[in-house]
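> From the sequence below, what's the structure:
(chains A and B)
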Amino acid sequence: AQKVTQTQTSISVVEKTTVTMDCVYETRDSSYFLFWYKQTASGEIVFLIRQDSYKKENATVGHYSLNFQKPKSSIGLIITATQIEDSAVYFCAMREGGAGNTGKLIFGLGTTLQVQP
Amino acid sequence: NAGVIQTPRHKVTGKGQEATLWCEPISGHSAVFWYRQTIVQGLEFLTYFRNQAPIDDSGMPKERFSAQMPNQSHSTLKIQSTQPQDSAVYLCASSLEGQGVGDTQYFGPGTRLLVL
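Got it, this is the predicted structure:
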């Protein structure tokens, strides 16, 4: 069964520090795609970064990077040099890529990040 | 480029009334997805169109909910006889789907539906 679990409900950090958000997933497919999205206070859901299961290198975009540990079915999001405006809810999502899969995203319940001055 | 457009942004209906939500995908994107977000259930998949054809509606409630994509520039989600439990934010997303099913989905701002 497909499942995405984010165990951290909320995290509070001081700005300019590094934060890691955890995510574990369950899938029977050998091919899958992992995504992190951010939902701002206005409700907007913004795509941040993705990791394709066949890629061994961890993805990096700006001050976002991923810690992909395939044997552990884990895809952590790392934000370096956090800023006040990084305060948001962060969602981990998975999309299976095997034959017959239609591409729907399965989401975790989200982690609320609060960055304080 | 404009992102995914959803209208209306807010809708209030009375119990038993019909609600129609509209989505305009990013130009050139061939896939449209509908999701629903509630506090209790989080983000849930409802249905998916590719090149206007319905591909997967496994997340749609069997009664009262229907979705269409009459042309490549818009999709609608219709809820008949709305009930208070239908209150949620309804999100539309689109993706290129050029090479397969791995393309990134981009979300619209959502329609907040409140059923009184």
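> Quick one: the strands in the chain, in order.
I went with chain A, as the question did not name one. A:3-5, A:10-14, A:19-21, A:24-26, A:32-39, A:45-52, A:60-61, A:64-69, A:74-79, A:88-96, A:106-107, A:111-116 (DSSP state E).
> please go with chain B instead
Using DSSP E, strands in chain B cover B:5-7, B:10-13, B:19-24, B:31-38, B:42-50, B:53-56, B:65-71, B:74-79, B:88-95, B:106-107, B:111-115.
> just to revisit the earlier point, redo the strands of chain A as a markdown table? Include mean neighbour count, mean pLDDT and distance to chain B.
C-betas here are computed from N, CA, C, even on glycine. Shown next, in a markdown table, are those (neighbours: other C-beta atoms under 10 Å in any protein chain shown; pLDDT from 0 to 100; distance: least, C-beta to the nearest C-beta, whole Å):
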| stretch | mean neighbour count | mean pLDDT | distance to chain B |
| --- | --- | --- | --- |
| strand A:3-5 | 16 | 96 | 10 |
| strand A:10-14 | 12 | 97 | 15 |
| strand A:19-21 | 18 | 98 | 16 |
| strand A:24-26 | 17 | 97 | 15 |
| strand A:32-39 | 23 | 96 | 5 |
| strand A:45-52 | 18 | 96 | 4 |
| strand A:60-61 | 12 | 96 | 12 |
| strand A:64-69 | 17 | 98 | 14 |
| strand A:74-79 | 21 | 98 | 15 |
| strand A:88-96 | 24 | 95 | 7 |
| strand A:106-107 | 21 | 96 | 4 |
| strand A:111-116 | 17 | 98 | 12 |
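> how about those, which one is nearest B:D57?
strand A:106-107 (16.1 Å; C-beta to C-beta).
> buried set for the helix or strand bottoming out on mean pLDDT in chain B?
Ranking every helix and strand in chain B by mean pLDDT, DSSP states H and E puts strand B:53-56 at the bottom, with a mean of 91. Using 16 or more other C-beta atoms under 10 Å in any protein chain shown as the test for burial, strand B:53-56 gives B:55-56.
> Which other helices and strands does that strand contact?
strand B:42-50, strand B:65-71 (3 or more C-beta pairs under 8 Å, 6 or more residues apart in numbering or on different chains; DSSP states H and E).
> Could you give the separation of the longest one from the chain centroid?
By that I understand strand B:42-50. Mean C-alpha position of strand B:42-50 versus that of the full chain (C-alpha atoms, centre = their mean, to the nearest Å) differs by 7 Å.
> dump the residue contacts of the nearest residue to B:T7 once chain neighbours are set aside.
Spatial nearest neighbour of B:T7, excluding adjacent residues (C-beta to C-beta, 6 or more residues apart in numbering or on different chains): B:W22 at 4.8 Å. Listed by C-beta atoms under 8 Å, 6 or more residues apart in numbering or on different chains, the contact set of B:W22 reads B:6-8, B:74-76.
> Narrow the residues you listed to those that are buried.
Buried among the contacts of B:W22 by 16+ other C-beta under 10 Å: B:6, B:74-75.
> Quick one: name the residues of chain B near chain A.
With C-beta under 8 Å from any C-beta of the partner chain as the criterion, chain B comes near chain A at residues B:31, B:33, B:35, B:42-45, B:48, B:55-56, B:58-59, B:89, B:91, B:93, B:95, B:97, B:100-107, B:109-110, B:112.
> May I have the residues that are in contact with the residue nearest the centre of chain B?
Central residue of chain B (C-alpha atoms, centre = their mean): B:W34, 3.1 Å from the mean position. Contact partners of B:W34, counting by C-beta under 8 Å, 6+ apart, are B:23, B:45-48, B:67, B:75, B:77, B:90-93.
> Could you report the pLDDT at it?
As predicted, B:W34 sits at a pLDDT of 98.
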